[in-house]
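K.L.:
what's the 3D shape of this:
(2 chains)
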Number of protein chains: 2
Amino acid sequence: MIESGSFEPVPGIRLGSAAAGIKYRDRDDLVVIELAEGSTCAGVFTRNAFCAAPVTVAKEHLGATMPRYLLINSGNANAGTGSDGLRAAREACKSLAAARGCAINQVLPFSTGVIGEPLPVDRIAVAVPDALSSLTEQGWERAAKAIMTTDTVPKLSSRQIQLGGKTVTVTGIAKGSGMIRPDMATMLAYVASDALVDRHLLQQCLEMAVRPSFNSITVDGDTSTNDACILVASGVSGCSPITDAESPEFVRFCAAVEAVCMDLARAIVLDGEGATKLVELRIEGAASESEARDVGYTIAHSPLVKTALFASDPNWGRILAAVGRAGIADLEIERVRIWLNDVVIVRDGGRSDDYTEAAGQRVMAGSEITIRVDLGRGQADTRLLTCDLSYDYVKINAEYRT
Amino acid sequence: MIESGSFEPVPGIRLGSAAAGIKYRDRDDLVVIELAEGSTCAGVFTRNAFCAAPVTVAKEHLGATMPRYLLINSGNANAGTGSDGLRAAREACKSLAAARGCAINQVLPFSTGVIGEPLPVDRIAVAVPDALSSLTEQGWERAAKAIMTTDTVPKLSSRQIQLGGKTVTVTGIAKGSGMIRPDMATMLAYVASDALVDRHLLQQCLEMAVRPSFNSITVDGDTSTNDACILVASGVSGCSPITDAESPEFVRFCAAVEAVCMDLARAIVLDGEGATKLVELRIEGAASESEARDVGYTIAHSPLVKTALFASDPNWGRILAAVGRAGIADLEIERVRIWLNDVVIVRDGGRSDDYTEAAGQRVMAGSEITIRVDLGRGQADTRLLTCDLSYDYVKINAEYRT
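P.N.:
Have a look, this model is predicted:
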C-alpha cells in the first residue's frame, strides 16, 4: 500500500468534505464524491437482514440509474431506524440533488456510526454546500479521514496500470475497525478509476475483488448493518472501453482493483479495534472451500485463540480445540497438521515430536503471524485475515456510544 | 441452588481428594468417586473432533462395563496428546484398579486443564492412595474444589424427592468457567443419586437433562475438548427399581436431575471468566428450534453485544445487528420484536416509539438481564444463558498457562 498522503488522484472523480456536527465536534463527518458524467458504477452491500436505511436506498438508486454523487456521513449509521430512516436517507439525497440539479436517484447515500439513532438530516442539508464547495480531485485523504469512526488511521490505496498506452489509476478509501466481518463488502469502501468499463463487467470485477479482500477479513465476527463497497470507472483516462471479460485489459484492470481492495482490507484488520497483531489464517487440504472457511472463521472468532495471540502465548491447544469444534463431522484428527509460521505444532493427533515451546514463542512474539492448518481431506483452501482480542477491544466497545 | 456446604450426601457414593501436584501447588487436584456395587451409570461427552484422551477412554470403558470408580484430575487436560495421551489415561486407570482390585475398564478417567501437555501419570499414581484413604460420603464439597481450574467458586447442587415412600437424593458437582459452549455436556459435571434406575433409562434421563442446562449455556463459544457429564444411580436408597420410562417415579426422578443440572449450568455461567452479568436469551416465534438456537448463539457470541452488556449500555442496535446476521435468509424485519426484560426496544423494523434510553438504562444496570426476541415466524423457541465480556476475560485468558 502506498503511504497515506501519496495517493494518486483519479481523473473524473472529485471529493469534498465538511463538518456537519452529526456526532463529532470540530472534524469533518460528511463527504460528497462526484463522478464525471458517463461514469459506470458497481456496488456490493451487506447481507445483514437488518440492513441500514441508506443501504436499502443506495441499492434502489443504483438499480434505477447510474449515480453522479455519493453522499457519506459518519457518526450515525441510520440503521434500525425503520421507515423514518428511509425517509431521512432520501431527504439527504434530495438536498444534494437540489443543489446540483440532478435526479434524487442519481445520489447514493451511505452512513456509518451508531445504530438506532435518528439521522439529523437538517444538519446534513446545511453542510452539503460546504462539502460541494470543497470538491477537488485531491480530496481523497481528507475524505478518508472524514468517514472514520473508531478507526485510528485513514485508509487509502492506489495502483497505476497501462491500458492501451494510457496510464490508468485505481484509488480507493475505506473505513472500518469494529463490527467487522463483511459479508458482501466491508463497512464502507470506495474505489474509483479513470478506466472506461462496461457496467456489467465493472460489477463482475468488484465481486471478484471483494471475495479475497473484504469478504475474507474479520475482527469480531459482527457483520455490520451498513457494509458497502462501491467501484466507479469515470472513463476520462482516454483508454479504450473495456467491454470484453476475456480481454487482457480487463484482467489487468481486475488485478489492480483487487490489489487496492486487498490493501484496504489489510489496513482495516491492522486497525481492528484494540488490535496488536495481524494474523493470517491459511486453511489447506479441505474437502471444499466452504469447509475451509468454516474452520478459518472458527479459529478467527475464538476468544481463547484471540486472547492467546494478544498474550503472545503459543497456546496451540486452543487452535486445535477450535479446529475440532468447527463442525466437520468426519474429521480424522491424525491427518490434521497445524503450523505457526513455519513451525509444525500439531501432527498425528497431538503435539509434533519436534515442537519446542521456544520455537512457538519466537513466532508468537512477532506482530504478524500465520496460522496454517492442513486438514488432510482434499484440495480446497482459503486465506483469511484477523487480529487479536485485547483489553483495548473491550475498552473501545464498552465506552463507544456512551 | 442450595448454598455451597449445604449439599446432601448420596448413600452409596463416596468421594476422596488429594494433592498430586499436577500443576497447582498446595491444593487438591485429584478426585476419586467410588460408586457402590450395582450402581448404574450414564454419560454424555464432547463432540469436539479433537476430544481428549480421557474422553475416548471413558467412552470405551463405559461401553464395556459398569464403572466402580471415576478418576478426575485438574491442571492438565490430557488433550491434543495423541497416542501417548491415550496410554497415560489408561495408566492412570490402572493405578487405581490395581489399588482396589477391580478391572481397568471399571475406572472412568477425566482430565481438565491445559491442553497439549503430557499428563504426569506418575504423580497421579502416587496420589491415588491418598485420595482413596479420604473416601467419604461427605466428600462432595472438597471434590468440587479439587476439580476447579479458572473457576472462582465450587459448584454443587442437591435435590431430594420421595419415591415410593423413600427419600431419594440427587446431588451434583461441576466445574467450568472458560472454554464453555458445551456440545453434549459441559466441562465436567458429576451427578449422583441413590435411586435404583435401569441403565438405559438413566442415559435417557441424562440426555434430557443436559439439553436445557449444560447444552444451553455459553461463555465464549469455545466447545471444550474435555466436556463430560456423568450421572450415577447407586440404588442404595431402598426405593423400588425404576424400569419404566412412563412411570411417575421416572418423571419425578428426571425432574430432580434436570433441576440439579440447571443449577450447575447457571453456576458455571455466573462464574464465567470475568463475567459481571448473567444474561438469559429467550428466542421465541422461530420457525424451528434450530433457527431459534442459531439466533440465540449469534447474540450470545457477539463481542459487541457482550461488551455493551459489560458497560451496562443499552446499545440495542448491536442486538438487532446480531439478529440480522444470524443467517435467516427470509427474515421479515418488520415482524421482529426485541425486549430488554419487559422493555420493548425494537418493533416495526426499528426502535419502538415508546422506548426511552432511561428505561433501557434501568434494565442494563441490573446484574441479571433477559434479552427476549420474537422472530414472528412460528412457534419454536429456546432459552440460553450467557454472560458479558469484560477486561477480566481478556486478563484471565491472556495470563492463563504462562
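K.L.:
all contacts plus neighbour counts: C-alpha atoms, from now on.
P.N.:
OK.
K.L.:
Around chain B, which positions in the stretch 251-400 of chain A sit nearby?
P.N.:
If contacts are counted using C-alpha under 8 Å from any C-alpha of the partner chain, the residues of the stretch 251-400 of chain A sitting beside chain B are A:302-304, A:307-308, A:310-311, A:313, A:315-318, A:320-325, A:328-329, A:331-333, A:348-351, A:389-391, A:394-395, A:397-399.
K.L.:
so the nearest residue in space to A:Phe45 that is not next to it in sequence bridges to which residues?
P.N.:
Once its chain neighbours are removed from consideration, A:Phe45 has its nearest residue in A:Ala228; the separation is 4.4 Å (C-alpha to C-alpha, 6 or more residues apart in numbering or on different chains). For A:Ala228, the residues forming beta bridges with it (DSSP bridges) are A:Phe45, A:Leu188.
K.L.:
Return the residues of the stretch 51-200 of chain A in contact with chain B.
P.N.:
A:51, A:79-83, A:114-116, A:179.
K.L.:
out of the residues you listed, which is most surrounded?
P.N.:
Neighbour counts for these were taken using other C-alpha atoms under 10 Å in any protein chain shown; the highest belongs to A:Ala79, which has 32 neighbours.
K.L.:
about what we covered before: biggest separation within the residues of the stretch 51-200 of chain A next to chain B, which pair?
P.N.:
A:Ser83 and A:Met179 (23.7 Å; C-alpha to C-alpha).
K.L.:
for the stretch 51-200 of chain A, what spans make up the strands?
P.N.:
If DSSP state E, counting those that start in this stretch is used as the criterion, the strands of the stretch 51-200 of chain A fall at A:69-76, A:107-114, A:155-163, A:166-175, A:188-193.
K.L.:
Save those strands as a markdown table, and put in mean pLDDT too.
P.N.:
Listed next are the strands of the stretch 51-200 of chain A as a markdown table, based on pLDDT from 0 to 100:
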| stretch | mean pLDDT |
| --- | --- |
| strand A:69-76 | 95 |
| strand A:107-114 | 93 |
| strand A:155-163 | 91 |
| strand A:166-175 | 92 |
| strand A:188-193 | 87 |
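K.L.:
picking up where we left off before, wait, which of the residues of the stretch 51-200 of chain A next to chain B is closest to B:Leu264?
P.N.:
Where these are concerned, and distances follow C-alpha to C-alpha, B:Leu264 has its nearest neighbour in A:Met179, at 33.1 Å.
K.L.:
How about the contacts made by that closest one?
P.N.:
A:Met179 sits next to A:219-224, B:304 when contact means C-alpha atoms under 8 Å, 6 or more residues apart in numbering or on different chains.
K.L.:
Then A:Leu384?
P.N.:
A:212, A:216-218, A:280-282, A:296-297.
K.L.:
what do you get for A:Thr370?
P.N.:
A:279-282, A:339-341.
K.L.:
ok and the residue in the stretch 101-250 of chain A nearest chain B?
P.N.:
For the stretch 101-250 of chain A, the residue positioned closest to chain B under C-alpha to the nearest C-alpha is A:Ile115, at a distance of 4.9 Å.
K.L.:
Isn't that residue up against B:Gly317?
P.N.:
Yes: A:Ile115 is within contact range of B:Gly317, at 4.9 Å (criterion: C-alpha atoms under 8 Å).
K.L.:
Find residues that contact each of those two.
P.N.:
Shared contacts of A:Ile115 and B:Gly317 (C-alpha under 8 Å, 6+ apart): A:79-80.
K.L.:
returning to that earlier point: now intersect the residues of the stretch 251-400 of chain A next to chain B with the strands, please.
P.N.:
Mapping those onto strands (DSSP state E) picks out A:350-351.
K.L.:
of the residues of the stretch 251-400 of chain A next to chain B, buried ones?
P.N.:
Neighbour-count burial within those applies to A:302-304, A:307-308, A:310-311, A:313, A:315-318, A:320-325, A:328, A:331-333, A:348-351, A:389-391, A:394-395, A:397-398; the criterion is 16 or more other C-alpha atoms under 10 Å in any protein chain shown.
K.L.:
Filter those down to the ones in helices?
P.N.:
Where those overlap with helices, as defined by DSSP state H, the overlap consists of A:303-304, A:307-308, A:310, A:316-318, A:320-324, A:391, A:394-395, A:397-398.
K.L.:
Contact partners for the spatially closest residue to A:Ile147 that is not a sequence neighbour?
P.N.:
Nearest non-adjacent residue to A:Ile147, counting by C-alpha to C-alpha, 6+ apart: A:Ser74, 5.2 Å away. Contacts here follow C-alpha under 8 Å, 6+ apart; on that basis A:Ser74 touches A:22, A:29-30, A:111-113, A:146-149.
K.L.:
Output those as TSV; include the columns neighbour count.
P.N.:
Below are the contacts of A:Ser74 laid out as TSV (neighbours: other C-alpha atoms under 10 Å in any protein chain shown):
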residue	neighbour count
A:Ile22	20
A:Asp29	28
A:Leu30	26
A:Ser111	28
A:Thr112	27
A:Gly113	21
A:Ala146	24
A:Ile147	29
A:Met148	24
A:Thr149	21
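K.L.:
Now the two most distant members of those.
P.N.:
When the contacts of A:Ser74 are compared pair by pair using C-alpha to C-alpha, the two farthest from each other are A:Ile22 and A:Met148, 13.0 Å apart.
K.L.:
So, low pLDDT: which residues of chain A?
P.N.:
Residue ranges of chain A with pLDDT under 70: A:1-5, A:183-187, A:400-402.
K.L.:
just so I have it, where are all the helices in it?
P.N.:
With DSSP H as the criterion, chain A has helices spanning A:53-64, A:82-100, A:121-133, A:140-146, A:199-210, A:248-270, A:289-301, A:303-310, A:316-324, A:357-364, A:391-399.
K.L.:
Tell me which other helices or strands the shortest one touches.
P.N.:
Helix A:140-146 is packed against strand A:13-18, strand A:30-35, strand A:155-163, strand A:166-175, with contacts defined by 3 or more C-alpha pairs under 8 Å, 6 or more residues apart in numbering or on different chains; DSSP states H and E.
K.L.:
go with 10 Å
P.N.:
Helices and strands touching helix A:140-146, as assessed by 3 or more C-alpha pairs under 10 Å, 6 or more residues apart in numbering or on different chains; DSSP states H and E, comprise strand A:13-18, strand A:30-35, strand A:69-76, strand A:155-163, strand A:166-175.
K.L.:
Check the first one too.
P.N.:
With contacts defined as 3+ C-alpha pairs under 10 Å, 6+ apart, the secondary structure elements packing on helix A:53-64 are strand A:40-45, strand A:69-76, helix A:82-100, strand A:107-114, strand A:228-233.
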